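# what's the 3D shape of this:
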Amino acid sequence: MKGNKLSFTEGFIDRLETTPTRQRFYDLKVKGLVLEVMSSGSKIFRFRKTVDYKEQWATIGPFPTVSLEDARDKAILLSAELVGGGNFTAKRQVVKDELTLAALADFYFDQYAKDRCTTATDMQKNFRRWFADDLSKRLSQIDTTWVQSQINKLAVGGHYHRANRALDDIKAIFSWGIKKGIYNGSNPAIKVDKFEVRSRERFIQPHEFNRLLQSIKSYTDGRLRDFFLICLYTGARSGNVMAMRWDQVDLDLGTWHIPRTKNGESQTAKLSDEALKILQERYPDRGLNPWVFPGGGIRQPTQGHIVEPKKAWKKVIENAGISDLRIHDLRRTIGSYMAMAGVNTPLIQKALGHKSLAAASIYQRVNNDPVKQGMDLAIRAMQTYASATKVVELPKTKQDS
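Numbers count the residues shown, from 1 in each chain. Just a heads-up that it's a prediction; the model follows:
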C-alpha cells in the first residue's frame, strides 16, 4: 500500500477522516514512523523499516493515547534496536508462543491445586471471574502495577477479603510457574500490597436464637432444614456437611469420619446428642441415596449431594428477621458458645477440627467424650438462650482446669 509522506503534526492527525480502506502515512521528521488510519477509525503509530530486503515492523500504540512526541521517541529507540541486530519478527513470534494468564492458571489448578486443595474447583471458577477481562494477556504483559490495579478494582465496595484471596491466588500461580520452569520472569504479585481486614466475629446472638431456630425448623424442605441444624450442632464446615455420606456415619459410636477437611487431613468427629437425633431420624432413608443430604428437589433427589443453599439460607434469616448471618457463622457459633460455657481452647480446637488429629488407633481417635460433653453443653446453652426471657447464668464445666 503506497502512502503519503509528510511531517506529522497532531492537528493533521486529528483532522484525518476515516475511509473504507486503511490509509498509511509516513513521517518525514523521523524515518520509519508510520501512522495507519484503520477503516474502524482507529489511528495507530507503527515503526517500519526494511533491513536486508526484509521489512521489520513493530506497533508503537494508538493515537491519542500515545502522543506524537512519544511516538517519535519510541521510533528512534526501535531504529537503534534494529541497528543493534534486533529482529521484530522473531520477537513477535516469541510473544505469540508465550503462555497467557489463563493457560498458566489452568496448568496450576489442573496439575497442582486440584489434588491438594479441597476448594480447587471453586478457586478456579473465582479466578476466571475475577480476571475475566485479562485472561488472554501474555505473561510478559503482566507486571506489579497491573496486578495492584486489578486487586484494587476487586476491593471496590469494601470487598477486601475477595481482593486478598485473588492476590493470594495469582501470587501462588506465578510462584508455581516459576518453580516448574514454565515462566522465567519474576513474580509480579510479590510486591503488591494486601488490604488490612478484620477477622469476622459474627455468631448467633442470644436474642436471635429462638427466631432463627423456629425459622429453620419451619423450613419446608427437610433436607435443607436438617442440613442447617447439622451445621449448627456439629460446628463442621458446610462443605463437609454437604458431602456427608451414610458410610461415614456410625450411629452406634456416635461418630462421623470426615475423609478430608479443608486442611487436607481426615477427622473423626464425635457427634453431639442433637446431631445424632437428626441423623437417626434421617437414617431410614439411607437406602435411597448414599448422601445424607442428597441434591435435587424434595421429591426427585439426584445422585449427588446438595450444593451451598444460599437462597434457602437467605429466606431462613429473612423469616427470622436477622441480617448479616452466613452459613459459616453457624460453625463459629458453637465454638463461641463452647468458650462462653468455659470449655478450654484445646477442646474447642479438637471439636472444630482446627488442628489435625494425631495418627493413632481407631479407639484413640473416637475417644472424644470430653469433646462431646463440651459440644452438648454448648448446645444446651444455645437452647437455654433461645427459650429464656432473660440471660441465664451458665454452669461451669469440669474441663475448665
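
# what about Cys153, is that helix, strand or coil?
For residue 153 the amino acid is Lys, not Cys. With DSSP: H, G, I helix; E, B strand; the rest coil as the basis, Lys153 sits in helix.

# need the contact list for Leu78.
32, 47, 58, 60, 86, 88 (CB atoms under 8 Å, 6 or more residues apart in numbering). C-betas here are computed from N, CA, C, even on glycine.

# among those, which two are most distant?
Ile60 and Gly86 (14.6 Å; CB to CB).

# neighbour count winner among those two?
Shown here are Ile60 and Gly86; by other CB atoms under 10 Å, Ile60 has more neighbours (21 against 16).

# hang on, the more buried one in a helix?
No. Using three-state DSSP, the secondary structure at Ile60 is strand, not a helix.

# need the nearest residue in space to it, chain neighbours excluded.
Phe45 (4.0 Å; CB to CB, 6 or more residues apart in numbering).

# gap between the one you found and Phe25?
10 Å (CB to CB, to the nearest Å).

# can you pull the residues that touch both of the two?
Joint contacts of Phe45 and Phe25 (CB under 8 Å, 6+ apart) are 34-35.

# which one's more surrounded, these two?
Phe45 (26 against 18).

# phi and psi next, for that one.
The phi/psi pair for Phe45 (degrees, to the nearest 10) reads phi -80, psi 130.

# so which residues make contact with stretch 148-158?
Here stretch 148-158 has contacts from 130-131, 134, 162-163, 166-167, 192-193, 195, using CB under 8 Å, 6+ apart.

# doesn't Lys49 make contact with Leu82?
Yes. Using CB atoms under 8 Å, Leu82 is in contact with Lys49, at 6.1 Å.

# and the two? Which one has more around it.
Counted by other CB under 10 Å, Leu82 and Lys49 do not tie: Lys49 has more neighbours, with 19 against 16.

# gap between the helix or strand hosting the more buried one and the chain center?
Using DSSP states H and E, Lys49 falls within strand 43-51. Distance of strand 43-51 from its chain centroid, counting by CA atoms, centre = their mean, to the nearest Å, is 43 Å.

# ditto for stretch 149-163
The answer for stretch 149-163 is 12 Å, by CA atoms, centre = their mean.

# list the buried ones in it?
150-151, 154-155, 160, 162-163 (16 or more other CB atoms under 10 Å).

# output the below-cut-off pLDDT ranges for the stretch 301-401 of the chain.
301-303, 343-344, 353-373, 388-401 (pLDDT under 70).

# strands along that one, start to end?
Counting by DSSP state E, counting those that start in this stretch, the stretch 301-401 of the chain has strands at residues 301-305.

# all helices for it, in order.
Remark: helices assigned in the stretch 301-401 of the chain by DSSP state H, counting those that start in this stretch are 310-320, 328-340, 345-352, 362-365, 369-387.

# break the chain into its domains for me.
The chain breaks down into these domains under automatic domain parsing: 4-97, 101-179, 206-400.

# possible to save these as a markdown table with distance to Ser186?
Shown next, in a markdown table, are the domains of the chain (distance: least, CB to CB, whole Å):
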| stretch | distance to Ser186 |
| --- | --- |
| domain 4-97 | 18 |
| domain 101-179 | 8 |
| domain 206-400 | 29 |
